[in-house]
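1. The following block contains a protein sequence and its predicted model.
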Amino acid sequence: MTAHILVVDDDPVQRRLLKNAVERYGHAAHLAENGRIALEFLKRNPSQFNVIVLDLMMPELDGLGFLQAAGEMGIDTPVIVQTGQGGIDTVVQAMRAGAFDFVVKPVSPERIAASISNALKVDHREAKVRAVRGDRGTSVSFGDIVSASPEMLRVIDLAQRAAQSNIPVVLEGESGVGKEMIARAIQAGGERASKPFITVNCGAIPSNMVESVLFGHEKGAFSGATERHVGKFVEADGGTLFLDEIGDLPLDVQVKLLRAVQQGEIEIVGAGKTQKVDVRLVSATNKDLIEEVRAGRFREDLYYRLNVFPITIPALRRRKEDIPHLARVFTERFSGEQKLEHALHVGPGALALLTAYDWPGNIRQLENAIFRAVVLAEGPELTEKDFPQIAAQIPDFQSPELLATAAEPLNADDADESDAGFAEAYRQSRAESALAHPMFGGPENIIVSTDETGEVRKLADVEEELIRFALKFYRGQMSQVARKLGIGRSTLYRKLKDYGIDPDDPLKEAA
Ligand SMILES: Nc1ncnc2c1ncn2[C@@H]1O[C@H](COP(=O)(O)OP(=O)(O)OP(=O)(O)O)[C@@H](O)[C@H]1O
């Protein structure tokens, strides 16, 4: 099948090279000199192209501007962005804006062809997936939030307490750490669960519109106000208003927000009177708000009003224990959404790689990486080969095949800081496993059926080993362990007692 590829690049040499590469692999190339011209093509015929190859640095409308505008137009053609060396921040932004893949310039014809071929598979299969993803609904409970690290368990504990009252909460954390997810869980876990949850991205609204968006306006309130507009505060009445990127709120609107918080009333633009509202506020920021106060960009009085209950959600690289769990949960979910007959597994190589990476775009970036890997996977297991972009960014990543050598002595000098998480845990758990079960020094994830004399082992011994393994595997999360083993929690506790297993240290032999 001939696919139609739109190449958007302001550099004529690049355009020609990409055109040649695209045509060499049997596709038709269409060329645009910048984002504006590309958008015009799309306006004329939104489904004309199968894949878009987009330069990020362009005059008139750059790559990010194009992605945003295309998203607003509902264009869902997979976009491959081209970036210069070291432009990881822009790549993260591009991925966030919906890009499918990225290639680093200068790009070889083979690399761009492979990326186009992947994007074409997504183009075919993803339409179905998108429909399912769109249906997932927005209701999130605390049970949906994957958390294994002590840091995240603490966040959940604080958030659950906040959910019990109407206390204003500020969620702090980098982009993609899960602030909105926690905000939704707070709403769903409290008495306002059945009431509206309204989100406003304060950073995305033009500053002259913020007041009208938040508080609404009457018809004729200002030139262009041809209709009455209901503001977000009124929409959220009785429920929760999630103010995302609160640090971007203009100072004059901050004064009005302060009144809304202090007195529970708002003034609709052009109405000349106030209106009572009952709104629970959850705010989020990826800025250091106190720093914004010091710099005079955020009102101190509003800061103290909103920040009654601050919760900081750490970046994913600070809680690497969560990565394997998130990876498994996302893989299972996307396998289901893809309607795969059997859910894919995440192999140890992939887990080690994903854990070694620092994820500047946090959980959103991990989720997108797994989504793409599941869509494109060929076999029953995701391996490190399914994450080429991640692998390319950790050139000294140690292949897990090497790590899998059981009693290999640990050499701390080998692992740099980013490797430390899973790779170290993996080696340690293998070493511990070999110590605790010296006769089963084979790969950790194998339960051997015969003992050293060649006879079949006792059922109880195998059961004990499996329970110890499951406790380690699910990091002591008892309800998950019981569920996965297919037994009730009370049965699990009885068995722990019978076998003398300490759930906090499952590999320790009973005294
Ligand atoms: N602990 C978690 N378990 C499962 N999924 C998560 C978790 N945290 C975040 N996610 C998923 O990661 C994605 C990003 O999360 P979310 O939008 O809540 O982040 P955010 O911090 O609000 O990002 P931004 O600041 O960019 O708005 C979402 O798809 C969310 O469902």
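-> Thanks, I have it.
2. The nearest residue to E300 once chain neighbours are set aside sits in which helix or strand?
-> Closest residue to E300 apart from its sequence neighbours, by CB to CB, 6 or more residues apart in numbering: V293 at 5.1 Å. Every residue, glycine included, has its C-beta placed from N, CA and C. Here V293 sits within helix 289-294, counting by DSSP states H and E.
3. Distance from the very next helix or strand once past that helix to the middle of the chain?
-> Next along the chain after helix 289-294, taking DSSP H and E as the criterion, comes helix 300-306. Distance of helix 300-306 from its chain centroid, counting by CA atoms, centre = their mean, to the nearest Å, is 29 Å.
4. buried set for helix 300-306?
-> The neighbour-count check on helix 300-306 (16 or more other CB atoms under 10 Å) flags L302, Y303, R305, L306 as buried.
5. Closest to the ligand out of these?
-> Distance to the ligand, by CB to the nearest ligand atom, is smallest for L306 among the buried residues of helix 300-306, at 16.4 Å.
6. Please look at that closest one and V282 and confirm they touch.
-> No - checked against CB atoms under 8 Å, the pair L306 and V282 is beyond contact range at 9.4 Å.
7. hang on, the earlier thing: so the helix holding V293, near the ligand or not?
-> No - Helix 289-294 is not in contact with the ligand by CB under 6 Å from any ligand atom; minimum separation 13.9 Å.
8. Of all the residues in that helix, which ones are buried?
-> L289, E292, V293.
9. Which one of the residues you listed is nearest to the ligand?
-> The closest of the buried residues of helix 289-294, once distances to the ligand are taken by CB to the nearest ligand atom, is L289, at 13.9 Å.
10. ok, the closest one to Y357 distance?
-> 29 Å (CB to CB, to the nearest Å).
11. Helix or strand: which one has W359?
-> Following DSSP H and E, one finds W359 outside all helices and strands.
12. so who does it touch?
-> The neighbours of W359, taking CB atoms under 8 Å, 6 or more residues apart in numbering as the test, are A315, L316, R317, I323, Q365, L366.
13. how about 10 Å then?
-> 92, 174, 176-177, 315-317, 320, 323, 326, 365-366, 369, 390 (CB atoms under 10 Å, 6 or more residues apart in numbering).
14. now swap in G63 and tell me
-> Applying CB under 10 Å, 6+ apart, one finds that G63 lies in contact with 8-9, 34-35, 38, 54-57, 79, 81-83, 90, 93-94, 97, 99.
15. Cross these against helices and list the overlap.
-> Among those, DSSP state H puts G35, A38, T90, Q93, A94 in helices.
16. tell me, how many neighbours does the second one end up with?
-> The local packing count at A38 equals 26, with neighbours defined by other CB atoms under 10 Å.
17. correct me, but it touches I52?
-> Yes - using CB atoms under 10 Å, A38 is in contact with I52, at 7.2 Å.
18. where do the contact lists of those two overlap?
-> The contact sets of A38 and I52 overlap at L6, V7, V8, H30, A32, F66, A70 (CB under 10 Å, 6+ apart).
19. The third one against L54, yeah?
-> Yes - in this structure, V8 sits in contact with L54. The criterion is CB under 10 Å, and the distance is 4.8 Å.
20. what touches both of the two?
-> Taking CB under 10 Å, 6+ apart as the criterion, V8 and L54 both touch A32, G35, A38, G63, F66, V79, V81, Q82.
21. And the last one, how close does it get to the ligand?
-> Right, Q82. Applying CB to the nearest ligand atom, to the nearest Å, the value for Q82 to the ligand is 23 Å.
22. Which residue is the nearest non-sequential neighbour of L42?
-> Nearest non-adjacent residue to L42, counting by CB to CB, 6+ apart: I75, 5.6 Å away.
23. for the ligand, what are the nearby residues on the chain?
-> 145-147, 173, 175-181, 244, 284, 286, 326, 363-364, 367.
24. quick check: domain ranges of this protein?
-> 4-134, 142-314, 318-428, 447-511 (automatic domain parsing).
25. The ones you listed: lowest mean pLDDT?
-> With a mean of 74, domain 318-428 has the lowest mean pLDDT of the domains of the chain.
26. Kindly export the helix holding V293 (C-alpha atoms) in PDB.
-> The C-alpha coordinates for helix 289-294 follow below in PDB (Å, rounded to 0.1, in the frame of the first residue of the first chain):
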ATOM      1  CA  LEU A 289       4.800  28.400  44.600                       C
ATOM      2  CA  ILE A 290       6.700  29.900  47.600                       C
ATOM      3  CA  GLU A 291       9.400  31.000  45.100                       C
ATOM      4  CA  GLU A 292       6.600  32.600  43.000                       C
ATOM      5  CA  VAL A 293       5.400  34.500  46.200                       C
ATOM      6  CA  ARG A 294       9.000  35.700  46.900                       C
END
